[in-house]
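>>> Dropping a prediction and its sequence here:
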Amino acid sequence: MKKLLYKPLRAFALYSLLVLACSIPVYFLIIDYIWTREISQHNRIKSESAKQNLQALKLQERELEQGIALWNKLQPDAKIKEVKALLPDSSYNIYRKNQYIPSKGYDRFQGLVSYFELNNKFYSITVESNVEESYETIFAITGITTFFFIILLTGFIILNKKISKRLWKPFYQSLQKISAFNLSSQQKPGFEQTDIAEFEEMNASISRLIESNINVYRQQKEFTENASHELQTPLAIVQSKLDLLLQSSSLSQVQSAIIDQTNHALARVSRINKNLLLLAKIENQQFSDQEQIDLSAQLQDQISLFSDFLSGKNLKIEHQIEANITIKTNKVLLEILLTNLLMNAIRHNVKNGLIHITLKKDNLRISNTGITGLNVEKLFQRFSTASSQNPGTGLGLAIAKEICNRQGWQSNYRFENNQHIFSISLSHSGFLPNQ
């Protein structure tokens, strides 16, 4: 993952590199144009100068021929020869092997052919100039530009690190305090003042948000505690009154059945109330304390506690539990999770069925025999019935799912070979096997 600080620098570097790449052909075209234009003017001046000097000498025909022959030997790049007629001036470009330095290869020449009349005869003068040096100039400019580009980019990187480290220091300080903030502690973090308006505004907004969340958390916690006290007491009173009423000898069989049905409904309401309060506590992070727990021993204890529930359906438990597997979690939540999963395996089992429990390095799997698979879409939803054959409160698996989410565990369900299989991956839970 890349830091925000380096994204603008990368964009600037790519943009600069693009500009440098585009500038090289521009340099070439501009320098080549200026160079060839200057050479063309040089050829024109040299040609005109030679023509004017020859005309000014007013040589006789014999002297003129000797002078032209001597000129051609001394100035091979500006040859004069006799022609039949005057033509318009013309220029050309040609590549020719360097006759003085063969190892250099081919050189580029720009030539000018100009015509003039002297002593009633027509002559042409061909002036050529080497333009090979333009490439060397372009290479030199490109090398120098690249060198300074590297220096400029290196300076940008160094300055960006130094300036950004000082500039973003308040941001990282605020981020560190936000990361360390725990809602259950209800301790509002104090942000340091900064002279940067954006960071100061961010800190003020975060402070207001945290204060609002603390108030909501406090209100929800108070509601949970009040609901636990206010609802459980009348439910217990009604339960006790119904028990006393059942002991009355004057009750008819019909009245006794009605009271028994009411008692069952009241017990269900009491369980739902307890489960809802438990969910609220989990969501409010009221089980924030964590400790190293021997999951292997804890699972063995839970299995022994449920041995009495197996006789009703004549169920059998098989288990493969690796020893000394330790995880860091809340002990109460772990007990609730194991209880709900084991109760679910018993409730959704068949008569004379089997419950198989496997605990390996970082995975817990509880499977039980069944007839049809559960409704996966409704399985972990609150007050939803995943199976019409064994209806419950609809909160047991929802609580288990919420515990897994809070602990960073991944839960999964599948139905294979007449087996309900619930598995929990503990790989993201700070799992630590004992050595």
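Perfect, thanks for sending it.

>>> From the chain's centroid, how far away is stretch 163-173?
21 Å (CA atoms, centre = their mean, to the nearest Å).

>>> CA atoms of it as CSV?
C-alpha atoms of stretch 163-173 as CSV (Å, rounded to 0.1, in the frame of the first residue of the first chain):
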residue,chain,number,x,y,z
ILE,A,163,9.0,18.9,4.3
SER,A,164,6.3,16.2,4.4
LYS,A,165,7.7,14.7,7.6
ARG,A,166,7.3,18.0,9.3
LEU,A,167,4.1,19.1,7.6
TRP,A,168,2.2,15.8,8.2
LYS,A,169,3.5,15.2,11.7
PRO,A,170,0.2,16.5,13.3
PHE,A,171,-1.8,14.2,11.1
TYR,A,172,0.2,11.1,12.1
GLN,A,173,-0.1,12.1,15.8
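
>>> count of neighbours near N349?
21 (other CB atoms under 10 Å). From N, CA and C alone the C-beta is placed, and that goes for glycine too.

>>> Same check on the one 5 residues further on?
L354 is flanked by 15 other residues according to other CB under 10 Å.

>>> Retrieve the pLDDT associated with it.
Per-residue confidence (pLDDT) for L354: 90.

>>> With L432 instead?
At L432, pLDDT is 39.

>>> do the same with Q239
79.

>>> just A56 next, same as before
Value for A56, per-residue pLDDT: 85.

>>> Which other helices and strands does the helix or strand encompassing it contact?
Per DSSP states H and E, A56 falls inside helix 6-57. In terms of contacts (3 or more CB pairs under 8 Å, 6 or more residues apart in numbering; DSSP states H and E), helix 6-57 is packed against helix 61-74, strand 78-83, strand 106-118, strand 121-130, helix 133-167.

>>> Remind me what the last one packs against, helices and strands.
The reference is to helix 133-167. So helix 133-167, by 3+ CB pairs under 8 Å, 6+ apart, packs with helix 6-57.

>>> The first one too?
Applying 3+ CB pairs under 8 Å, 6+ apart, one finds that helix 61-74 makes contact with helix 6-57, strand 78-83.

>>> out of these, deepest packed?
strand 78-83 (a mean of 16; mean count of other CB atoms under 10 Å).

>>> what angle separates that one from helix 61-74?
140 degrees (axes from the mean of the first three to the mean of the last three CA atoms, to 10 degrees).

>>> contact partners of strand 78-83?
46-47, 50, 54, 68, 71-72, 115, 121-128 (CB atoms under 8 Å, 6 or more residues apart in numbering).

>>> what do you get if the cut-off is 7 Å, keeping everything else the same?
46, 50, 68, 71-72, 115, 121-127 (CB atoms under 7 Å, 6 or more residues apart in numbering).

>>> after it, next one along is what?
With DSSP H and E, the next secondary element past strand 78-83 is strand 90-97.

>>> which residues touch that following strand?
So strand 90-97 is in contact with S40, Y106, D107, R108, F109, Q110, G111, L112, V113, going by CB under 7 Å, 6+ apart.

>>> now do 8 Å
For strand 90-97, contacts defined as CB under 8 Å, 6+ apart pick out 40, 43, 105-113, 128, 131.

>>> Good, wrapping up.
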